[in-house]
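**Student:** Quick one, structure for this:
(2 chains)
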Amino acid sequence: MKNDVFSFNRFSRYLATDIRNAVSNYGITILVMATLGLSIDVFTGLFSMIVSDGWHGMGIVSRSVLFMIAFLVILISAPSKLFGHVTDRKEGSAFLTLPVSTLEKTISMVLVACVLVPAAFVIVYFSIDLIVCCCDPTCGESLISAVATIKVEILDKLGEAMAELSAVMQNPEALVSPLLYVDDFIQISLLFLLGALVFKKSKIAKTIGCLILISMVLSMIATPLMMVGIKDEMEQLVMNNELTPFNFPEHFPFITWICQHLALSDTVSDTVMNLLLMFFIWLRIKKINH
Amino acid sequence: MITIKELGFSYGSNVVLKDISLNLEEGRIYGLLGENGVGKTTLLTLLAGLKKTTSGTIDIDGRNPFDRQPSLLSNIYYLPDEVPAPRRAAIGFARDNGQYWEKFDLTKFSEIMKVLDTDENQRMDHMSYGQLKKTMISFALATNARYMFMDEPTNGLDIPSKAQFRKAVSKYTSDESTLLISTHQARDLEAIIDPIIILDRQDVLLNASIGEITEKLYFDYGTEIDPDALYSEMVPGGCIQVTPNPSGAESKVNIEALFNAVLLHKSEIKEMFNK
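**Tutor:** Numbers count the residues shown, from 1 in each chain, chains lettered A, B, ... in the order given. Down below sits the predicted model:
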C-alpha cells in the first residue's frame, strides 16, 4: 500500500517538476526584474554624463530602495503567476487529478513560490549588483556587503536610544539582523499564494483589499482587548506626562517581557502565522471543486 | 468496480443530479448519453474527485474519489472536454506527468501519437485544438489507468481522427480498464461503446449492454413505418425504427434512434429494462 499522505520519492519528483515549470514560466520575469537595478543604474550614469560631465551610478540607498521595490513585486506576483492556474477549471482539473497528495502539492507550492523563487531573485539581483560595483567605481558599496554591515550601521545610528533599549532587551542586535525578516518575507508570499488559490480573477488586487479589510477589523478588535486591565493606569501616566517609549515596558510587565524577547516573540508569532497560512493553503487545495 | 448510490449534486439551489444509482463494471467501455444539461460532465467530474457530492456516495474500489488519494488517482484518468495547453513539447509533458501514474507507458504514448498522426515533439501550446485533444487522448490511454473518464473526446477531431480515435481506444485499452465516455456524437463511438447509459434530468433511464438492448428492442431498417414503433425516423432510402422485440430477433443498434426512443418512452423503457 502506497503512502497517500507523504512519500519523499514522489514529493521530490513533483518538486523537480514544479521547479522546472517555475523556470519555464517565471524565469524570464526573474531575470528582467533582477536586471532592473542595472538598467536604472546605466540610465542614471548616462544621464549624469550628459548633465555633469562624469559617470555617477546610483548610490547604495537608491539601489537598496530599488531592490526592495523589485523584491516586493516578486513576492506579490510570483504566487499568482506560478499557481494562480489552480482556480482555472481547465488547468485546475489537471492539477487536482495528478496523483500526488495534497500535502506534497502544498509543500512544493510553498517551497517554490515563497522560498526558491524569491531566493533565486535575491541571488541573481545581488550577483548583478556585485558585478556592477566591481566594474563601476562610483557604485560604492555593493548590496551584499551592505546587508552584512547594515546591523552595525543601524545600531550606530540608533545610538543612545539603542543603549537605553538595551537595558530592557536581551540580545538587541538580533532585532536588526536581516535574518529576522526572512519569515516576514515568506509571510507576504504565503498571503499572496493563499489569495491566488482563493480568488479566480484580480488575485493580487483582491488579496490586498482583503488584507486592508482584515487589518482594519483586527485593529478594531485588538486595540480594546489590549487595553483591558491597563487602560486606567495608562491614562493616568499619559495625564501626568510620565510615559515615554523607554519607560513604557517598566509599567506593563507583559509588554516588558515581549520587549525583552522581541526577536524571539516576533519569530514565534511569525512562525505560528506562517504555519496557519500553510494550513489554509493545504485546506484550500484539499477542498477546491472544479 | 465503481458503485454510485443515490448520488445527488447541486450548484446552489440548482439540482443537477438526484438519486442516481449505477454500477460500472471492470473491463467495459461505457457510453454516457444524455441531453444538454442533464449532468453528464458533472457526473464525470464527481467520479474524478473534482467535486464533492451533495448527497449519496461514490465508491471506487472502496474509496471516495473526492479524498484524492494518490493511490486511487493513479488508477483514474479524467479527460475533460477542454484541455489545457502546457508550454512544452508533448513528449516532455508525457514524460514528466506520466511518472505519477503507476502503469504509465511512454512507448505506448509515442505509438498512440503515431496512430493519431500527431507529432510528439511539437509544443503543446502551438498545437491546434484537435492536435491537443489527440495528445491528451494518447496520454490518457498511455496511463493504463483502471478507470478513464472522457468527456466528449471526439469534439474537435476531424473525420479521419475520429476513426483513428476508435482504433486507438479499441487497440490500446487494456482488458481491465473501465472507460466511461460522455458524448453527444453517438455515431462517432457506436462501434466501441458497450454498455450504454442514458442519463436524464435526475434519473438513469438506461444502463444496459448492447446484448441486452438488442434482446429487448428491435432496430428495423425497413421501408414501412410501423405505427406501434417506439421511435421512427425517415432516412434516405427508407426509415429506421425502434420497436419492442418480443421474438428476440437480432438487429444492429442505432444509438441515435435508441436515444430518441428512450427519451420518448422513458417509463416504458425503464420498466422494460428493469424486469
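**Student:** Burial check on residue 142, number of neighbours?
**Tutor:** This is for chain A. 19 (other Cβ atoms under 10 Å in any protein chain shown). Backbone N, C-alpha and C define where each C-beta goes, glycine included.
**Student:** my bad, chain B
**Tutor:** Count around B:Ala142 with other Cβ under 10 Å applied: 24.
**Student:** do the same with the one 10 residues further on
**Tutor:** Other residues near B:Glu152 come to 21 when the count uses other Cβ under 10 Å.
**Student:** what does B:Met150 give?
**Tutor:** B:Met150: 26 surrounding residues under other Cβ under 10 Å.
**Student:** Secondary structure element holding it?
**Tutor:** strand B:147-151 (DSSP states H and E).
**Student:** and what of B:Ser232?
**Tutor:** For B:Ser232, the host element (DSSP H and E) is strand B:231-235.
**Student:** Going by neighbour count, which residues in that strand are buried?
**Tutor:** Residues of strand B:231-235 classed as buried: B:231-232 (neighbour count, 16 or more other Cβ atoms under 10 Å in any protein chain shown).
**Student:** One more: stretch B:127-143?
**Tutor:** Quick answer for stretch B:127-143 (16+ other Cβ under 10 Å): B:127, B:130-143.
**Student:** can you tell me how far B:Tyr172 sits from chain A?
**Tutor:** The spacing between B:Tyr172 and chain A, counted by Cβ to the nearest Cβ, to the nearest Å, is 20 Å.
**Student:** Report whether A:Leu130 is found in a helix, as I expect.
**Tutor:** Yes: applying DSSP: H, G, I helix; E, B strand; the rest coil, one finds A:Leu130 inside a helix.
**Student:** any idea how far chain B is from the spatially closest residue to it that is not a sequence neighbour?
**Tutor:** In space, and not counting its chain neighbours, A:Leu130 is closest to A:Ser142: 4.8 Å by Cβ to Cβ, 6 or more residues apart in numbering or on different chains. Distance, A:Ser142 to chain B, using Cβ to the nearest Cβ: 35 Å.
**Student:** Run through the residues that contact A:Ser142.
**Tutor:** Residues in contact with A:Ser142 (Cβ atoms under 8 Å, 6 or more residues apart in numbering or on different chains) are A:126, A:129-130, A:132-133.
**Student:** repeat that for 7 Å
**Tutor:** Residues counted as contacts of A:Ser142 (Cβ atoms under 7 Å, 6 or more residues apart in numbering or on different chains) are A:129-130, A:133.
**Student:** mind listing what's buried in stretch A:3-14?
**Tutor:** Result for stretch A:3-14 [16+ other Cβ under 10 Å]: buried residues A:4, A:7, A:10-11, A:13-14.
**Student:** How far does that stretch stretch from one end to the other?
**Tutor:** 15 Å (Cα to Cα, to the nearest Å).
**Student:** so for it, what's the average pLDDT?
**Tutor:** The average pLDDT for stretch A:3-14 rounds to 95.
**Student:** can you tell me if that stretch touches chain B.
**Tutor:** Yes: legend: contact between stretch A:3-14 and chain B by Cβ under 7 Å from any Cβ of the partner chain is shown at A:4, A:10, A:13.
**Student:** which bits of chain B sit near chain A?
**Tutor:** B:45, B:48-52, B:68-71, B:73-74, B:76, B:78, B:80, B:82-84, B:87-88, B:96-97, B:99-101.
**Student:** what residue ranges in chain A score low on pLDDT?
**Tutor:** For chain A, the stretches with pLDDT under 70 are A:1, A:150-177, A:245-246, A:248-250, A:259.
**Student:** Could you rank the contacts of A:Ser142 by neighbour count and give me the top one?
**Tutor:** A:Asp129 (26 neighbours).
**Student:** Tell me where the stretch 51-200 of chain A has helices.
**Tutor:** Using DSSP state H, counting those that start in this stretch, the helices of the stretch 51-200 of chain A run over A:60-83, A:89-97, A:102-110, A:117-135, A:143-168, A:182-198.
**Student:** what does chain A have sitting close to chain B?
**Tutor:** Checking chain A against chain B by Cβ under 7 Å from any Cβ, the hits are A:2, A:4, A:10, A:13, A:17, A:24, A:90-91, A:93-94, A:96-102, A:289-290.
**Student:** which residues touch the closest residue to A:Lys203 other than its chain neighbours?
**Tutor:** Leaving aside its sequence neighbours, A:Lys203 sits nearest to A:Ser80 (Cβ to Cβ, 6+ apart; 4.3 Å). The contact partners of A:Ser80, by Cβ under 7 Å, 6+ apart, come to A:192, A:196, A:203-204.
**Student:** again, but for A:Val122
**Tutor:** Going by Cβ under 7 Å, 6+ apart, the list of residues near A:Val122 reads A:Phe71.
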